[in-house]
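S.K.: Okay, sequence plus prediction incoming.
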Amino acid sequence: MPVSISVLGSTGSIGTQVLDVVRRLGGDAVRILGLSAQSNADLLIQQAREFLPEVVCICNDELYESVREGLCGFGVRVVAGPAGLEEIASLPQVERVVVSVAGTPGLAPTLRAIEAGKDVALASKEVLVAAGHIVTAAVASRGVRLLPIDSEHSAIFQCLNGEHCTKIERIFLTASGGPFRDASRQELAHVTPDQALAHPTWSMGRKVTVDSATLMNKGLEIIEAKWLFGVAPSRIDVVIHPQSIVHSMVRFCDGSTMAQLGLPDMRLPIQYALLYPERVDSGLPRMDITEIGSLTFHKVSPGRFECLDLAREAAEAGESLCVVMNAADEVAVELFLEHKIGFLDIPRIIREEMETHALVPNPSLDEIYAIDQETRRRIRSRYGAG
């Protein structure tokens, strides 16, 4: 029987790769029952016509009629807005929900999927960064599985097959180092958005690519790993690995270290999350270790990547500081891409918000949303952004 899935955020970078995996696997392996998009109505219509899900959701209410008209005669029901997104996440026949919705809007549908007893294949970092304590408690309560799609966390998840989290001594998250791993601070001060978006290895969305350039993405991954695997941030290291072949490593209490290797292709961890625990031929290119030659690893120079330091600080403090850090980073990256601030202003803005924040212990969902929105409003107001 095929695995029945919904894909939240099907028109984004991860979502389109999910559909490519499904296309390669065929309908006998995976069946799509729900699709959603924020505002890319044309691509959503195209996807729905190809995969014929039961329901699609366009989150932007103003585009509802155009999507409905575009799918007239295809037997696909159209819903809209946050309520529609939660419906897609909890369709009765769906077994597994892929969450690749950008930012905190992915939180509510993730929790709705968990409450409905669905396994969640998670690609949205913000879900665990902002509300890891709430999400992991819900997963434990419902007895469902949280399956990571990020290549690094998928690697750790695979290394832990047959092992127990209590036996982890250390986790090593690998980082390509982005396009500026050898740049001086003076050079970083003049980095342009186009330069920051030119990642040397991976093809990703704009925000994630900038986060890779600042190494904020690794900071967010530290917080994710903390919640996914129950490991204190102090036992999670980041190492620079320019080849992007070793996707992460786990050292166990006996001294053994396990690593997961593969070509830098997000479709591999996506397929693993969709079909877990099964493995089937992906039809993707194979890695030839003899052609790759040497694999190199370097420590992250202390203080070189301030965003990584800030994220680790938030991870250690926990509570509501992660919400502030995440929201400030999202807005700062937007401002940078709009040419309103410089590259080095990104960590400066994040630090300013973190330093003035009064910690809220174990914030509720409502408190998380309020802190997130207030942080965004304050920064946008300061820089004249809409």
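M.R.: Thanks, I have it.

S.K.: Check what contacts the lowest-mean-pLDDT helix or strand in the chain and list those residues.
M.R.: Every helix and strand of the chain was ranked by mean pLDDT, DSSP states H and E. The lowest is helix 185-188, at a mean of 84. Contact with helix 185-188 is made by 180, 343-344, as judged by C-beta atoms under 8 Å, 6 or more residues apart in numbering. C-beta coordinates here come from the backbone N, C-alpha and C atoms, glycine included.

S.K.: Now intersect those with the helices, please.
M.R.: Using DSSP state H, no member of those falls in helices.

S.K.: Run through the neighbouring helices and strands of whatever helix or strand residue 332 lives in.
M.R.: Assessed by DSSP states H and E, residue 332 sits inside helix 321-337. Using 3 or more C-beta pairs under 8 Å, 6 or more residues apart in numbering; DSSP states H and E, the elements in contact with helix 321-337 are helix 125-142, helix 193-196, helix 206-214, helix 216-229, helix 306-317, helix 345-356, helix 365-382.

S.K.: what's the angle from that helix to helix 216-229?
M.R.: Relative orientation of helix 321-337 versus helix 216-229 (axes from the mean of the first three to the mean of the last three C-alpha atoms, to 10 degrees): 150 degrees.

S.K.: Including mean neighbour count, could the helices and strands packed on helix 321-337 go into CSV?
M.R.: Compiled in CSV, the helices and strands packed on helix 321-337 are given as follows (neighbours: other C-beta atoms under 10 Å):
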stretch, mean neighbour count
helix 125-142, 20
helix 193-196, 16
helix 206-214, 23
helix 216-229, 26
helix 306-317, 21
helix 345-356, 18
helix 365-382, 16
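
S.K.: Save the ones you listed as TSV, and put in mean pLDDT too.
M.R.: Output for the helices and strands packed on helix 321-337, formatted as TSV (pLDDT from 0 to 100):
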stretch	mean pLDDT
helix 125-142	96
helix 193-196	89
helix 206-214	90
helix 216-229	97
helix 306-317	96
helix 345-356	97
helix 365-382	96
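
S.K.: can you put those helices in TSV and add distance to residue 290?
M.R.: Below are the helices and strands packed on helix 321-337 laid out as TSV (distance: least, C-beta to C-beta, whole Å):
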stretch	distance to residue 290
helix 125-142	34
helix 193-196	34
helix 206-214	28
helix 216-229	29
helix 306-317	33
helix 345-356	40
helix 365-382	48
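
S.K.: Spatially, and excluding backbone neighbours, which residue is closest to residue 172.
M.R.: Distance criterion C-beta to C-beta, 6 or more residues apart in numbering; nearest residue to residue 172, sequence neighbours excluded, is residue 249 at 4.1 Å.

S.K.: what are the C-alpha coordinates of the helix or strand the one you found falls within, in PDB please?
M.R.: Counting by DSSP H and E, the element that carries residue 249 is strand 246-252. Provided in PDB are the C-alpha atoms of strand 246-252 (Å, rounded to 0.1, in the frame of the first residue of the first chain):
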ATOM      1  CA  VAL A 246      29.500  13.800   5.400                       C
ATOM      2  CA  HIS A 247      26.100  15.100   6.500                       C
ATOM      3  CA  SER A 248      26.600  14.700  10.300                       C
ATOM      4  CA  MET A 249      28.300  12.400  12.800                       C
ATOM      5  CA  VAL A 250      27.400  10.900  16.200                       C
ATOM      6  CA  ARG A 251      30.000   9.800  18.700                       C
ATOM      7  CA  PHE A 252      28.800   7.300  21.200                       C
END
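
S.K.: ok now that strand, how far from the chain's centre?
M.R.: Chain-centre distance of strand 246-252: 19 Å, with C-alpha atoms, centre = their mean, to the nearest Å.

S.K.: Adjacent strands (with direction) for it?
M.R.: strand 168-175 (antiparallel), strand 257-261 (antiparallel) (DSSP bridges).

S.K.: where in this protein is pLDDT low?
M.R.: By pLDDT under 70, the weakly predicted segments of the chain are 199-204, 385-386.

S.K.: Skipping its backbone neighbours, what lies nearest residue 248 in space?
M.R.: Of all residues not flanking residue 248 in the chain, residue 155 sits nearest, at 3.9 Å (C-beta to C-beta, 6+ apart).

S.K.: ok, back up a step: generate TSV for the contacts of helix 185-188, with neighbour count and distance to residue 278 as supplementary columns.
M.R.: Output for those, formatted as TSV (neighbours: other C-beta atoms under 10 Å; distance: C-beta to C-beta, whole Å):
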residue	neighbour count	distance to residue 278
180	20	40
343	21	43
344	15	46
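
S.K.: Reformat the residues you listed as JSON lines; add distance to residue 107.
M.R.: Shown next, in JSON lines, are the contacts of helix 185-188 (distance: C-beta to C-beta, whole Å):
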{"residue": "180", "distance to residue 107": "31"}
{"residue": "343", "distance to residue 107": "29"}
{"residue": "344", "distance to residue 107": "30"}
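
S.K.: and residue 97, which of the three is it?
M.R.: For residue 97, the assignment made with DSSP: H, G, I helix; E, B strand; the rest coil gives strand.

S.K.: again with the one 10 residues further on
M.R.: Here residue 107 is helix, with the state taken from three-state DSSP.

S.K.: I'd guessed it sits against residue 130; true?
M.R.: Yes - applying C-beta atoms under 8 Å as the test, residue 107 and residue 130 come out as touching, 6.5 Å apart.

S.K.: And for the residue nearest to residue 248, the neighbour number?
M.R.: Other residues lying near residue 155 total 28 when counted by other C-beta atoms under 10 Å.

S.K.: who's in contact with the residue nearest to residue 5 when sequence neighbours are not counted?
M.R.: The shortest distance from residue 5 to any non-neighbouring residue, by C-beta to C-beta, 6+ apart, is to residue 96 (4.9 Å). Contacts for residue 96 (C-beta under 8 Å, 6+ apart) come out as 3-5, 118-121, 147, 274.

S.K.: Please report how far residue 96 lies from residue 258.
M.R.: Residue 96 is 26 Å from residue 258, where distance means C-beta to C-beta, to the nearest Å.
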